[in-house]
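Asks: got a sequence here, can you build the structure:
(one chain, ligands or ions: 1)
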Amino acid sequence: MNLSNTHVAVIGGGCAGLSTAAALVDRGFQVTVFEASSQLGGRARTVVVENNNLMHLLDNGQHILLGAYRETLALLRKIGVDEKQVFLRVPLQMNLQSISEKSPFSLKSVHYLPAPLNMLVGLLCCSGLKFSERIAAIKLMLHLKNTQYQITSDTPLEQFLLHQQQTPRLIAVLWEPLCLAALNTPIEIASTRIFLNVLRDTFNGNKKNSDFLLPRLDLSKIISQPLAQYIQSKGSVIRLNRRIRSLEATKNGFSLETRDGKSFFSHVVIAVSPASIDKLVEGLPKLQRALKQTQTYQYQPIYTIYLQYPAETKLPSVMTGLTNTLGQWVFDRGQLCDQKGLIAVIVSAEGKHQRLSQDELALKIARELSQAFPALEKPLWHKVIAEKRATFSCVTNLARPTNKTPQPRLFLAGDYTYADYPATIEGAIRSGIKCADLIANA
Ligand SMILES: Cc1cc2nc3c(=O)[nH]c(=O)nc-3n(C[C@H](O)[C@H](O)[C@H](O)COP(=O)(O)OP(=O)(O)OC[C@H]3O[C@@H](n4cnc5c(N)ncnc54)[C@H](O)[C@@H]3O)c2cc1C
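Replies: Residues are numbered from 1 along each chain as shown. The predicted structure follows:
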């Protein structure tokens, strides 16, 4: 390809758009990234919150990455981000704290054993499940390995698990929390096929694939800012506060309109979320038809409840699960990122918490925490960040568009286009790298 005639516009400065741009500048392409908002990062970004004249850097949601996020980790390495400095890597563990049970569920992968033995022995030795339930879980893991984590037809995950002799208790303490964390979709409607893809990449292969990587810095410092610096250091351009208002095909490429007027590009990568793509493709009927399926997508929320306790507050571990509560995962940000006394609680997917006001929700979560951790004092302040369309609902047989489109020289990036995975940073980054490959190899 003649690089001097090629100028690529990337619409959207989230993980997908920025990884597309980083992969293109590496190959010598000139790229302009247009981002509608005043900051990069999209759904993985830092939010500045003021309380009593003090500024706090919070993430729009407490993210967890996995050792299996191969492309994300390789990309971060390439642009000079030191994994050890930015993530706390912990072997998979699920410590579920319960306010009503004497023997809560606790599972730890056995870090000195190779995969999948690390998980199988972990399951055998876990607490809070009957022996017969532990054996049922192990049998299912072995069955999945033998069938290469594939199924002939997609079914809702809960139905699949019941069919595989998983008891309601096993589903409630093991599979449902994993499903919510991975797919952000209620287990009654979640896609078994996509869940098994995540299990395959997490529990198969290298034992480090199942490690949790917990951000030690705010997300923007880990992902979007270093990516932006990398892209700009190679001479390409990032334009913030530049929403693309319309997109038209021209003889040799595309005309993009922002508040500054029109500009022309040879290639375009649309890297916005499926919820905001319709307006962009209004003038491109072929693409509109190809994207018809995304109009039927449903979305799932994620609420992150930040509670500030006195600075000396410390939870027994950096990450704890909760059962029989609205709160699902609890993070001690004092231990994690030196935000002393700050606790973040995640409530994934739709549910009755959406009927509460933000203050009511924060109070309810604070009550749950004080029951689970009786030494906790009253929180000093709280902040609820509600991402109402955090992810697409990862239901069965969801049609996903491909990165290549019927419109020549126009490509789609974004978590929803990486058909193997639910909405994740890794899916978004893989889709961006794929778009760059498609452009470079055209
Ligand atoms: C609260 C929360 C918690 C999450 N937790 C996890 C987790 O633990 N692990 C994990 O892997 N994933 C998690 N995710 C999902 C992950 O953040 C997303 O899958 C990923 O960030 C999506 O990236 P993207 O680039 O595809 O889309 P987006 O991040 O949505 O980026 C799209 C960008 O396009 C911009 N844009 C839109 N329209 C226009 C336009 N017309 N012109 C210019 N720009 C435009 C938007 O402003 C946005 O910046 C979470 C998401 C949320 C919200």
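Asks: so what's Cys289 up against?
Replies: Careful, residue 289 is Arg; it's not Cys. For Arg289, the residues meeting the contact criterion (C-beta atoms under 8 Å, 6 or more residues apart in numbering) are Pro406. C-beta here means a position set from N, CA and C on the backbone, and glycine is covered the same way.
Asks: please tell me the pLDDT value assigned to it.
Replies: The pLDDT attached to Arg289 in the predicted structure is 93.
Asks: adjust the sequence numbering to begin at 5 for everything that follows.
Replies: Renumbered: residue one is now 5, and that last one reads Arg293.
Asks: residues in the stretch 155-304 of the chain within reach of the ligand, list them.
Replies: Within the stretch 155-304 of the chain, the positions near the ligand by C-beta under 6 Å from any ligand atom are Arg247, Ile248, Ala275, Val276, Ser277, Ser280, Leu284.
Asks: could you pull out the strands for the stretch 205-354 of the chain?
Replies: Using DSSP state E, counting those that start in this stretch, the strands found in the stretch 205-354 of the chain span residues 216-219, 241-243, 250-254, 257-262, 265-269, 271-274, 303-312, 323-327, 333-336, 346-352.
Asks: could you tell me how far the closest residue to Tyr313 other than its chain neighbours is located from the ligand?
Replies: Here the nearest residue to Tyr313 in space, its sequence neighbours aside, is Gly345; by C-beta to C-beta, 6 or more residues apart in numbering that works out to 4.4 Å. In this structure, Gly345 lies at 22 Å from the ligand, with C-beta to the nearest ligand atom, to the nearest Å as the measure.
Asks: likewise for Val241?
Replies: Look at Val241 and the ligand: by C-beta to the nearest ligand atom, they are 14 Å apart.
Asks: per-residue confidence for the residue nearest to Tyr313?
Replies: For Gly345, the model assigns a pLDDT of 97.
Asks: can you report phi and psi for it?
Replies: The phi and psi values for Gly345, taken as degrees, to the nearest 10, are phi 80, psi 0.
Asks: tell me the secondary structure at the residue nearest to Asn245 when sequence neighbours are not counted.
Replies: Computed as C-beta to C-beta, 6+ apart, the closest residue to Asn245 that is not its neighbour in sequence is Ser42, at 5.4 Å. Of the three states, Ser42 takes coil according to DSSP: H, G, I helix; E, B strand; the rest coil.
Asks: in this structure Ser42 contacts Arg247, no?
Replies: No - using C-beta atoms under 8 Å, Ser42 and Arg247 do not qualify as a contacting pair, with a distance of 11.1 Å.
Asks: higher neighbour count, the two?
Replies: Neighbours were tallied for Ser42 and for Arg247 using other C-beta atoms under 10 Å; the higher tally belongs to Arg247 (16 against 7).
Asks: now the helix or strand that Ala390 is a member of: how far from the chain's centre is it?
Replies: Under the assignment given by DSSP states H and E, the secondary-structure element containing Ala390 is strand 385-396. For strand 385-396, the gap between its own C-alpha mean and the chain's C-alpha mean amounts to 13 Å (C-alpha atoms, centre = their mean, to the nearest Å).
Asks: give me the helices and strands touching that strand, please.
Replies: Judged by 3 or more C-beta pairs under 8 Å, 6 or more residues apart in numbering; DSSP states H and E, the packing partners of strand 385-396 are strand 50-55, strand 58-63, strand 303-312, helix 362-376.
Asks: before we move on, the earlier item: out of the strands of the stretch 205-354 of the chain, which is the most enclosed?
Replies: Neighbour counts averaged per stretch over those are highest for strand 271-274, at a mean of 27; criterion: mean count of other C-beta atoms under 10 Å.
Asks: strands paired with that one, and their directions?
Replies: Taking DSSP bridges as the criterion, strand 271-274 pairs within the sheet with strand 11-15 (parallel), strand 414-416 (parallel).
Asks: any chance of those in a markdown table with distance to Asn407, mean neighbour count and mean pLDDT as columns?
Replies: As requested, the strands paired with strand 271-274 are exported to a markdown table (distance: least, C-beta to C-beta, whole Å; neighbours: other C-beta atoms under 10 Å; pLDDT from 0 to 100):
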| stretch | distance to Asn407 | mean neighbour count | mean pLDDT |
| --- | --- | --- | --- |
| strand 11-15 | 13 | 25 | 98 |
| strand 414-416 | 5 | 26 | 98 |
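Asks: domain-wise, how is the protein divided?
Replies: Residue ranges for each domain of the chain read 7-47+224-301+400-444, 50-74+84-91+302-396, 108-214, as given by automatic domain parsing.
Asks: show the average pLDDT along the last one.
Replies: Right, domain 108-214. Model confidence over domain 108-214, given as mean pLDDT, is 96.
Asks: start and end of stretch 38-45, how far apart?
Replies: Chord length of stretch 38-45, first to last residue, is 12 Å (C-alpha to C-alpha, to the nearest Å).
Asks: hang on, the earlier thing: switch the helices and strands packed on strand 385-396 over to TSV; also include mean pLDDT.
Replies: Compiled in TSV, the helices and strands packed on strand 385-396 are given as follows (pLDDT from 0 to 100):
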stretch	mean pLDDT
strand 50-55	91
strand 58-63	91
strand 303-312	98
helix 362-376	96
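Asks: give me whichever of the ones you listed is most buried.
Replies: Per-residue neighbour counts averaged over each of the helices and strands packed on strand 385-396 give the maximum for strand 303-312, namely a mean of 23 (mean count of other C-beta under 10 Å).
Asks: now do it and strand 385-396, the angle between them.
Replies: Using axes from the mean of the first three to the mean of the last three C-alpha atoms, to 10 degrees, the inter-axis angle of strand 303-312 relative to strand 385-396 is 160 degrees.
Asks: by contact count, what packs against strand 303-312?
Replies: Where contact means 3+ C-beta pairs under 8 Å, 6+ apart, strand 303-312 is packed against strand 58-63, strand 346-352, helix 362-376, strand 385-396.
Asks: got JSON lines for those, with distance to Gln89 too?
Replies: Converted to JSON lines, the helices and strands packed on strand 303-312 look like this (distance: least, C-beta to C-beta, whole Å):
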{"stretch": "strand 58-63", "distance to Gln89": "16"}
{"stretch": "strand 346-352", "distance to Gln89": "20"}
{"stretch": "helix 362-376", "distance to Gln89": "29"}
{"stretch": "strand 385-396", "distance to Gln89": "25"}
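Asks: how about these, which one is nearest Tyr420?
Replies: Closest approach to Tyr420 among those (C-beta to C-beta): strand 385-396, 5.5 Å.
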